[in-house]
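**Q** Have a look; sequence and predicted model below, questions after that.
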Amino acid sequence: MGNPETELAAEAAWCAQDQGKYFEYERVLYERQGALSYTQSGLTDVAQQLGLDTGLFAQCMSNRAHRADLKDAADDAARRGVNSTPTFFINNQRMNGNYPYEEFQKMIEAELAKSQ
(Lines give C-alpha, C1' and ligand atoms only; values in the text may rest on other atoms or scores of the structure.)
Protein backbone atom coordinates (compact mmCIF):
# COMPACT_ATOMS: atom_id res chain seq x y z
CA MET A 1 0.00 0.00 0.00
CA GLY A 2 2.36 2.71 1.17
CA ASN A 3 -0.01 5.69 1.01
CA PRO A 4 -1.42 6.63 4.45
CA GLU A 5 -4.62 8.09 2.97
CA THR A 6 -5.45 5.01 0.90
CA GLU A 7 -4.58 2.77 3.83
CA LEU A 8 -7.03 4.73 5.98
CA ALA A 9 -9.67 4.42 3.25
CA ALA A 10 -9.10 0.64 3.08
CA GLU A 11 -9.50 0.39 6.85
CA ALA A 12 -12.67 2.46 6.60
CA ALA A 13 -14.12 0.03 4.06
CA TRP A 14 -13.38 -2.84 6.44
CA CYS A 15 -15.08 -0.91 9.26
CA ALA A 16 -18.08 -0.53 6.94
CA GLN A 17 -17.98 -4.32 6.43
CA ASP A 18 -18.43 -4.72 10.17
CA GLN A 19 -21.87 -3.25 9.54
CA GLY A 20 -22.49 -5.21 6.34
CA LYS A 21 -21.81 -2.35 3.90
CA TYR A 22 -18.36 -3.06 2.47
CA PHE A 23 -19.34 -3.06 -1.20
CA GLU A 24 -21.55 -0.01 -0.88
CA TYR A 25 -18.76 1.86 0.89
CA GLU A 26 -16.14 0.74 -1.62
CA ARG A 27 -18.37 1.87 -4.50
CA VAL A 28 -18.60 5.39 -3.07
CA LEU A 29 -14.81 5.54 -2.61
CA TYR A 30 -14.30 4.66 -6.28
CA GLU A 31 -17.03 6.95 -7.55
CA ARG A 32 -15.67 9.93 -5.64
CA GLN A 33 -12.00 9.20 -6.24
CA GLY A 34 -10.09 12.47 -6.40
CA ALA A 35 -12.98 14.48 -4.96
CA LEU A 36 -13.30 12.76 -1.58
CA SER A 37 -11.01 13.57 1.30
CA TYR A 38 -9.54 10.36 2.71
CA THR A 39 -9.44 11.83 6.19
CA GLN A 40 -11.24 10.58 9.28
CA SER A 41 -13.89 13.26 8.73
CA GLY A 42 -14.36 12.61 5.01
CA LEU A 43 -14.52 8.85 5.48
CA THR A 44 -17.00 9.20 8.34
CA ASP A 45 -19.18 11.41 6.11
CA VAL A 46 -19.40 8.51 3.64
CA ALA A 47 -20.39 6.17 6.47
CA GLN A 48 -23.14 8.57 7.53
CA GLN A 49 -24.43 8.91 3.95
CA LEU A 50 -24.70 5.12 3.76
CA GLY A 51 -26.69 4.98 6.99
CA LEU A 52 -24.00 3.31 9.07
CA ASP A 53 -23.85 3.72 12.81
CA THR A 54 -21.27 6.49 12.84
CA GLY A 55 -20.46 5.92 16.51
CA LEU A 56 -19.45 2.32 15.84
CA PHE A 57 -17.69 3.37 12.66
CA ALA A 58 -15.70 6.10 14.43
CA GLN A 59 -14.75 3.67 17.20
CA CYS A 60 -13.55 1.12 14.65
CA MET A 61 -11.48 3.79 12.91
CA SER A 62 -10.06 5.25 16.13
CA ASN A 63 -9.08 1.81 17.42
CA ARG A 64 -7.54 0.97 14.03
CA ALA A 65 -9.44 -2.30 14.39
CA HIS A 66 -8.50 -3.54 10.92
CA ARG A 67 -4.92 -2.31 10.69
CA ALA A 68 -3.56 -5.85 11.20
CA ASP A 69 -6.00 -7.19 8.57
CA LEU A 70 -4.75 -4.62 6.08
CA LYS A 71 -1.12 -5.53 6.80
CA ASP A 72 -1.91 -9.24 6.43
CA ALA A 73 -3.60 -8.61 3.07
CA ALA A 74 -0.66 -6.53 1.84
CA ASP A 75 1.82 -9.18 2.98
CA ASP A 76 -0.19 -11.90 1.24
CA ALA A 77 -0.29 -9.88 -1.97
CA ALA A 78 3.47 -9.34 -1.81
CA ARG A 79 4.04 -13.09 -1.31
CA ARG A 80 2.02 -13.72 -4.46
CA GLY A 81 4.11 -11.24 -6.42
CA VAL A 82 1.51 -8.49 -6.67
CA ASN A 83 3.29 -5.20 -7.23
CA SER A 84 0.77 -3.24 -9.27
CA THR A 85 -2.93 -2.68 -9.71
CA PRO A 86 -4.99 -4.01 -11.11
CA THR A 87 -3.79 -7.57 -10.63
CA PHE A 88 -6.19 -10.48 -11.02
CA PHE A 89 -5.83 -14.17 -10.24
CA ILE A 90 -7.89 -16.74 -12.07
CA ASN A 91 -7.17 -20.16 -10.65
CA ASN A 92 -3.69 -18.95 -9.63
CA GLN A 93 -3.03 -17.57 -13.12
CA ARG A 94 -2.01 -13.95 -12.69
CA MET A 95 -3.14 -11.17 -15.00
CA ASN A 96 -1.41 -7.82 -14.44
CA GLY A 97 -3.03 -4.77 -15.91
CA ASN A 98 -6.32 -3.78 -17.38
CA TYR A 99 -7.61 -6.24 -19.97
CA PRO A 100 -10.77 -6.31 -22.04
CA TYR A 101 -13.54 -8.64 -20.97
CA GLU A 102 -12.71 -11.08 -23.77
CA GLU A 103 -9.24 -11.72 -22.32
CA PHE A 104 -10.76 -12.61 -18.95
CA GLN A 105 -13.27 -14.84 -20.67
CA LYS A 106 -10.48 -16.71 -22.52
CA MET A 107 -8.54 -17.23 -19.30
CA ILE A 108 -11.60 -18.45 -17.41
CA GLU A 109 -12.60 -20.82 -20.20
CA ALA A 110 -9.04 -22.21 -20.42
CA GLU A 111 -8.96 -22.81 -16.67
CA LEU A 112 -12.39 -24.45 -16.75
CA ALA A 113 -11.26 -26.73 -19.58
CA LYS A 114 -8.27 -27.85 -17.48
CA SER A 115 -10.56 -28.91 -14.66
CA GLN A 116 -12.71 -31.21 -16.80
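**A** Yes, it's here.
**Q** In contact with residue 5, which residues?
**A** 38-39 (C-beta atoms under 8 Å, 6 or more residues apart in numbering). (Each C-beta comes from the backbone N, C-alpha and C, glycine too.)
**Q** Show the pLDDT at it.
**A** Residue 5 is assigned a predicted lDDT (pLDDT) of 84.
**Q** Over to the one 4 residues further on?
**A** At residue 9 the predicted local confidence, pLDDT, stands at 94.
**Q** hang on, it is in a helix, isn't it?
**A** Yes - Residue 9: assigned to a helix according to DSSP: H, G, I helix; E, B strand; the rest coil.
**Q** secondary structure class for the closest residue to it other than its chain neighbours?
**A** Spatial nearest neighbour of residue 9, excluding adjacent residues (C-beta to C-beta, 6 or more residues apart in numbering): residue 38 at 4.6 Å. Assigned with three-state DSSP, residue 38 falls in the coil class.
**Q** and residue 38, what does it touch?
**A** Residue 38 neighbours (C-beta under 8 Å, 6+ apart): 5-6, 8-9.
**Q** now do residue 52
**A** 16, 19, 21, 25.
**Q** In helices only, show me the residues you listed.
**A** 16, 25 (DSSP state H).
**Q** Same list (the contacts of residue 52) but as TSV, adding distance to residue 59, neighbour count and pLDDT.
**A** Listed next are these as TSV, based on distance: C-beta to C-beta, whole Å; neighbours: other C-beta atoms under 10 Å; pLDDT from 0 to 100:
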residue	distance to residue 59	neighbour count	pLDDT
16	13	24	97
19	12	17	97
21	16	20	97
25	16	23	96
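**Q** Now for the contacts of residue 52: which two are most distant?
**A** Using C-beta to C-beta, the pair of the contacts of residue 52 lying farthest apart is 19 and 25, separated by 9.0 Å.
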